[in-house]
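In: Sequence first, then the predicted structure:
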Amino acid sequence: MGLLLVLDRGRPVPLHAQIFEGIRTLILTGQLAAGHRLPSTRELAETLQVSRNTARLAYDRLAAEGYIEARHGAATRVAVQVPDTTFRAVHTARDVRTPPAAPAASPDATTAFDAELQDIFEDEALRWDFALGRPDAQAFPARTWQELTADTLADPEMRAALTRYGDPAGFLPLREAIAQQLAATRGLRVSPTQVMIVAGSQEGLHLACRLTCDATRSTGIEDPCYQGALYLFRSLRCSVVGIPVDDGGVCVDRLPPEGFALLYVTPSHQYPTGATLPLERRLALLEWAQRSSSLIVEDDYDSDFRYDGPPLTALAGLDPYGRVLYLGTFSKSLGPGLRIGYLVVPPWLAQRARTALGLMTGGHELLSQAVLARLLASGRFESHLRRLRRRYNERRLRLVAELRRHLGPVDLAGAEAGLHLAWRLPADWPTAEQLRRRAVAAGVGVYSTRSGGSAELQTSAAHKRTVTLGFSSLAPEAIGAAVARLAEVCGAGRGSGACARDLPAHVHPDGH
Ligand SMILES: Cc1ncc(COP(=O)(O)O)c(C=O)c1O
């Protein structure tokens, strides 16, 4: 009963391991069936020209992993029956680069993660990048962070906490500090038990989906929208319905009466158009949610920055029904590299959200949560935000002024808040996508409603002409130089029509 085993004495793999692998493969591919009698270690050693000890080591490991059974005084036999021919075939032709076929029940299985997620990393090829929502690298409060990290590590209780599992919903003092901050700045009165600490809003949104999405109902999203939300919903195989956006944000009168399992909105500063949802639409939205038994997730990603007037009450702060989940992030105020955000859920969802987090992650890294809690409680975060607002306000005003200086009476929207604004191009200009490509070729990064982290479900005439520009990561002088270059790209100074006439039709055959 010779076994078809070939040993390669040149391989840096011990001979007993090669024997183990060889016999295991014969079993997994069905060539040795359950009950098949194997040679004794002496016979095997003789056949393969190895020591008996080598053969024994291989058999011991095969027995320990349950492939063979070696009973004293009886023959050694194959112990497992390999399930089916498919399983055997996979083992026979195993190529880890080939994706396994999609299960029949979900034909989209292989496409769910094939979405073209735009990279939001820095593009080195651009001389000036009006990237959306990118914080100024110089603005991170590094010295304070370092000091608070040292204080945290000096605290024996904190050191002990680092050696233990914590609450999956997050470090309680941080959740308390966030609840206090939300009451003071967003008109949102919540208990710390409703605050879930997550790895940025992206994970918060994922958690919201796990808690609310339902195979029998659709998920709604603004159109155009934030790509991170759209692609997440698609990856979860939600049936996604786009709701149009106009100058007042999401068109509440276009919401379906039957509702959604979840509707994703950005009421403070619509992403990417910059619109602010007026109060009457906010109230109508809440009524619709109640009438249609829908839940809403409010992504308040850049509400730390409002330049003209006091901050607006969050949608969640107006919600009498417990239908709004509120997403906040420290990605704009401190940096996305920290990966700290929060999802505030209505009280009825708090226990479920905590359990879901326990199952998804077991909770997040404690040290940064503790440092951030100290930063918030000490009042230093508020002073940091005040400094940041001054800095970004200066950049925002510079951008508006430079656009007007070089391009005349430009039509801007969304400049009163956040870290980006929208520029609506005149009707006889090229589309935003065409202008974006020309600008990029000239070393200036500007964006359309289908780039820079935005996505569309349907292209509308208005949004075809919407260019978005982030101003937070460029110094004021750089903004001046970049807009001058952009104006050259537009052929400005010769009337707005110059840009349209200037652009040879063949340059952008697929422009949208
Ligand atoms: C609309 C929107 N939501 C959320 C975020 C922040 O995401 P995160 O907190 O996952 O870094 C961004 C960042 O660009 C955004 O544009």
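Out: Received it, and whenever you're ready, just let me know what you need.
In: CA atoms for contacts and neighbours, from now on please.
Out: Fine.
In: Give the buried residues for stretch 240-247.
Out: For stretch 240-247, a neighbour-count test (16 or more other CA atoms under 10 Å) marks 240-245 as buried.
In: Please tell me how far that stretch is from the chain's geometric centre.
Out: Relative to the centre of its chain, stretch 240-247 is centred 21 Å away, using CA atoms, centre = their mean, to the nearest Å.
In: hang on, the earlier thing: quick one: which of the buried residues of stretch 240-247 sit in strands?
Out: Among these, the residues falling in strands (DSSP state E) are 240-245.
In: Need these in TSV (columns: distance to the ligand).
Out: Shown next, in TSV, are those (distance: CA to the nearest ligand atom, whole Å):
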residue	distance to the ligand
240	17
241	18
242	15
243	16
244	16
245	14
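In: before we move on, which element is the residue most central in space within the chain in?
Out: For the chain, residue 202 is the residue whose C-alpha lies nearest the centre (CA atoms, centre = their mean; 4.0 Å). Residue 202 belongs to helix 200-212 when assigned by DSSP states H and E.
In: Report the buried residues of that helix.
Out: Under the neighbour-count criterion of 16+ other CA under 10 Å, helix 200-212 has 200-209, 212 buried.
In: ok, back up a step: quick check, nearest of the buried residues of stretch 240-247 to residue 140?
Out: Using CA to CA, the shortest approach to residue 140 within the buried residues of stretch 240-247 belongs to residue 245, at 33.6 Å.
In: Residue 254 is in contact with that closest one, correct?
Out: No - using CA atoms under 8 Å, residue 245 is not in contact with residue 254, being 9.7 Å away.
In: hmm, back to that, give me the helices and strands touching the helix holding residue 202, please.
Out: Counting contacts by 3 or more CA pairs under 8 Å, 6 or more residues apart in numbering; DSSP states H and E, helix 200-212 packs against helix 227-235, strand 295-299, strand 324-329, strand 341-344, helix 350-360.
In: Put together TSV for these, with distance to residue 53 on each row.
Out: What follows is those, written out as TSV (distance: least, CA to CA, whole Å):
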stretch	distance to residue 53
helix 227-235	52
strand 295-299	64
strand 324-329	61
strand 341-344	58
helix 350-360	46
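In: Between the ones you listed, which one is closest to residue 140.
Out: That would be strand 324-329 among the helices and strands packed on helix 200-212, by CA to CA, at 15.0 Å.
In: who does that closest one pair up with?
Out: strand 295-299 (parallel), strand 341-344 (antiparallel) (DSSP bridges).
In: CSV for the ones you listed, including distance to the ligand and mean pLDDT?
Out: What follows is those, written out as CSV (distance: least, CA to the nearest ligand atom, whole Å; pLDDT from 0 to 100):
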stretch, distance to the ligand, mean pLDDT
strand 295-299, 6, 98
strand 341-344, 6, 98
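In: Reformat these as a markdown table; add distance to residue 455.
Out: Shown next, in a markdown table, are the strands paired with strand 324-329 (distance: least, CA to CA, whole Å):
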| stretch | distance to residue 455 |
| --- | --- |
| strand 295-299 | 16 |
| strand 341-344 | 22 |
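In: Of those, give the one that comes closest to residue 184.
Out: Across the strands paired with strand 324-329, closest to residue 184 is strand 341-344 (CA to CA), at 15.3 Å.
In: Could the C-alpha coordinates of the closest one be exported in CSV?
Out: Provided in CSV are the C-alpha atoms of strand 341-344 (Å, rounded to 0.1, in the frame of the first residue of the first chain):
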residue,chain,number,x,y,z
GLY,A,341,-16.1,59.4,16.1
TYR,A,342,-19.4,58.7,17.8
LEU,A,343,-22.9,57.5,17.1
VAL,A,344,-25.6,58.9,19.4
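In: 57 is where my numbering starts, stick with that
Out: Understood, numbering begins at 57; the last thing we discussed is strand 397-400.
In: which residues sit against it?
Out: Strand 397-400 has contacts (CA atoms under 8 Å, 6 or more residues apart in numbering) with 250-257, 260-261, 264, 381-387.
In: near the ligand, from those residues?
Out: When CA under 6 Å from any ligand atom is applied, the members of the contacts of strand 397-400 adjacent to the ligand are 256-257, 385, 387.
In: can you tell me how far residue 277 sits from the ligand?
Out: 12 Å (CA to the nearest ligand atom, to the nearest Å).
In: For the buried residues of stretch 296-303, work out which two are farthest apart.
Out: Once CA to CA is applied, the buried residues of stretch 296-303 give 296 and 301 as the farthest pair, at 15.5 Å.
In: average model confidence for stretch 283-296?
Out: For stretch 283-296, the mean pLDDT works out to 93.
In: Buried ones in it, by neighbour count?
Out: Buried residues in stretch 283-296 (16+ other CA under 10 Å): 283-296.
In: what's the offset of that stretch from the middle of its chain?
Out: 11 Å.
In: next one: phi and psi at the residue nearest to residue 437 when sequence neighbours are not counted?
Out: Closest residue to residue 437 apart from its sequence neighbours, by CA to CA, 6 or more residues apart in numbering: residue 431 at 5.5 Å. When read as degrees, to the nearest 10, the backbone of residue 431 gives phi -60, psi -40.
In: residues contacting residue 431?
Out: With CA under 8 Å, 6+ apart, residue 431 has these contacts: 201, 204, 437.
In: measure it to the ligand for me?
Out: Taking CA to the nearest ligand atom, one finds residue 431 at 18 Å from the ligand.
In: swap in residue 518?
Out: 20 Å.
In: Can you name the residues that contact the closest residue to the ligand within the stretch 57-206 of the chain?
Out: Going by CA to the nearest ligand atom, the ligand is nearest to residue 189 of the stretch 57-206 of the chain, at 5.4 Å. When contacts are counted by CA under 8 Å, 6+ apart, residue 189 touches 358, 388, 474-476, 526-528.
In: With pLDDT, secondary structure and neighbour count as added columns, please give those residues in JSON lines.
Out: Putting those into JSON lines (pLDDT from 0 to 100; DSSP: H, G, I helix; E, B strand; the rest coil; neighbours: other CA atoms under 10 Å) gives the following:
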{"residue": "358", "pLDDT": "94", "secondary structure": "coil", "neighbour count": "23"}
{"residue": "388", "pLDDT": "97", "secondary structure": "coil", "neighbour count": "20"}
{"residue": "474", "pLDDT": "96", "secondary structure": "coil", "neighbour count": "29"}
{"residue": "475", "pLDDT": "97", "secondary structure": "coil", "neighbour count": "30"}
{"residue": "476", "pLDDT": "97", "secondary structure": "strand", "neighbour count": "28"}
{"residue": "526", "pLDDT": "98", "secondary structure": "strand", "neighbour count": "25"}
{"residue": "527", "pLDDT": "98", "secondary structure": "coil", "neighbour count": "30"}
{"residue": "528", "pLDDT": "97", "secondary structure": "coil", "neighbour count": "28"}
